[in-house]
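In: Just to be clear, the model below is a prediction. Sequence and coordinates:
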Amino acid sequence: MGKRATPTKAELTRALSAAKEAGMSVTRCEIGPNGTIILSTVAAAESADDAYYAWKASHK
């Protein structure tokens, strides 16, 4: 049988700790259907906002 699709609490804690040690400010944590842990940072959220506002300003 294959690996379970849900990460354990220890795996999530390890991923978040590694991100914090790397200086990342995690704003969101997603778990994919195959168990992949996806961490979003402040920089990713800001760049998405910047792109939206740039588009909005160009379509007035």
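Out: Done, it's in.

In: Where does Ala5 fall, secondary structure wise?
Out: Per DSSP states H and E, Ala5 falls between elements, in no helix or strand.

In: Tell me how far it lies from Glu11.
Out: Distance, Ala5 to Glu11, by CB to CB, to the nearest Å: 12 Å. Backbone N, C-alpha and C define where each C-beta goes, glycine included.

In: Over to Asn34?
Out: 13 Å.

In: Tell me which of those two has more neighbours.
Out: Glu11 (13 against 7; other CB atoms under 10 Å).

In: which SS class is Pro38?
Out: To be clear, residue 38 is Ile; Pro isn't right here. Under DSSP: H, G, I helix; E, B strand; the rest coil, the three-state class of Ile38 is strand.

In: Can we start the residue count at 26 from this point?
Out: All set: I'll call the first residue 26, so the last point we hit is now Ile63.
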